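Engineer: this one's sequence-less:
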């Protein structure tokens with residue numbers, strides 16, 4: 001048995017130093033009173049979910065990447081710039097996702113070996129998407145409560161496109177083959193997961209027009225993500241890495257032998273459709289450019305040089321005058 005920390009005589013000496021309780025009370029009574037605050041809020045213990053999406057840097061990065069993908073796709077669909085951004089990330093109980101008051105459309109996707117996950121969209125957003133698919137301006141009636149049979153049918157195409165986007169999004173982390181499983185505006189029979197299971201939810205806001213802003217969410221049940229949680233804990237670093245010069249030289253050498261299209265644009269003009277339909281051999285198109293004015297040279301779809309038209313050995317040629325700032329579109 002080990003020796004006690006204090007010997008009996010040491011304990012007796014300490015007790016002798018400590019005065020009786022009356023002396024202790026008198027000492028505290030002599031101290032000045034402690035000033036009390038005027039307002040004291042009740043203490044609330046932290047209730048944050050330790051297993052929340054924000055604790056998984058790779059998951060956060062995937063949602064930011066999804067914004068970029070959808071923004072590009074939807075700009076093309078609507079033929080104008082849309083604004084898409086991540087509103088918030090949180091852990092949500094599944095039953096709370098399907099007991100909302102505002103009308104929503106529910107897209108359920110199935111991944112073999114992992115289970116089901118879900119995307120929720122405001123009904124007004126889907127109506128606007130269908131309108132854009134039919135050549136409209138991407139408009140929606142005030143607070144539509146449900147989708148028409150035609151809108152439901154076209155929404156299946158939206159679901160297929162979303163499934164492909166999700167598969168592409170997750171490819172760097174895990175090879176997941178998302179398949180559109182169910183589409184409905186009634187959530188009662190979706191059967192995505194258990195009512196009380198936690199889901200990692202990412203909420204996004206999309207501005208379709210000055211008068212129409214909508215919200216959509218991506219929801220992954222915890223059981224769906226569990227096999228990938230270790231991968232999602234990886235920190236995404238923005239710090240610059242050391243350049244592999246040998247690899248860079250090899251890449252540049254390969255690129256130097258890659259063919260590309262160069263286009264020499266002398267000029268352009270704009271005419272109405274009626275005039276265009278009446279064009280015949282012998283007609284002239286008025287170009288808004290003088291004979292000696294500089295022209296442009298394009299590499300694929302990027303304007304790279306200003307040039308002067310001329311000839312060399314009887315062939316049309318272009319003399320490069322200056323380099324232009326990349327970024328122009330033909």
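Structural biologist: Looks like it came in fine. These figures come from a predicted structure and were not determined experimentally.
Engineer: can you map out the strands along this structure?
Structural biologist: Using DSSP state E, the strands assigned to the chain run over residues 83-93, 104-111, 115-122, 178-184, 198-207, 213-221, 262-265, 295-299, 302-312, 315-323.
Engineer: what's the closest of these to residue 249?
Structural biologist: Smallest distance to residue 249 across the strands of the chain (C-beta to C-beta): 22.2 Å, for strand 295-299. All C-beta atoms are positioned from the backbone trio N, CA, C, and that covers glycine.
Engineer: mean confidence for that closest one?
Structural biologist: For strand 295-299, the per-residue pLDDT values average out at 84.
Engineer: likewise for stretch 182-194?
Structural biologist: Taken as a whole, stretch 182-194 has an average pLDDT of 89.
Engineer: hang on, the earlier thing: mind putting the strands of the chain into CSV with distance to residue 165 and mean neighbour count?
Structural biologist: Listed next are the strands of the chain as CSV, based on distance: least, C-beta to C-beta, whole Å; neighbours: other C-beta atoms under 10 Å:
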stretch, distance to residue 165, mean neighbour count
strand 83-93, 12, 15
strand 104-111, 11, 22
strand 115-122, 10, 21
strand 178-184, 8, 18
strand 198-207, 13, 20
strand 213-221, 11, 20
strand 262-265, 32, 13
strand 295-299, 29, 17
strand 302-312, 26, 14
strand 315-323, 37, 11
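Engineer: to residue 278, which of the ones you listed lies closest?
Structural biologist: The closest of these to residue 278 is strand 262-265. By C-beta to C-beta, the value is 25.0 Å.
Engineer: that closest one pairs with which strands?
Structural biologist: Based on DSSP bridges, the pairing partners of strand 262-265 within the sheet are strand 295-299 (antiparallel).
Engineer: what are the contacting residues of the strand it pairs with?
Structural biologist: 260-267, 289, 303-309, 318, 320, 324, 328, 330 (C-beta atoms under 8 Å, 6 or more residues apart in numbering).
Engineer: now it against strand 315-323, angle please.
Structural biologist: If you take axes from the mean of the first three to the mean of the last three C-alpha atoms, to 10 degrees, strand 295-299 sits at 90 degrees to strand 315-323.
Engineer: no further questions, thank you.
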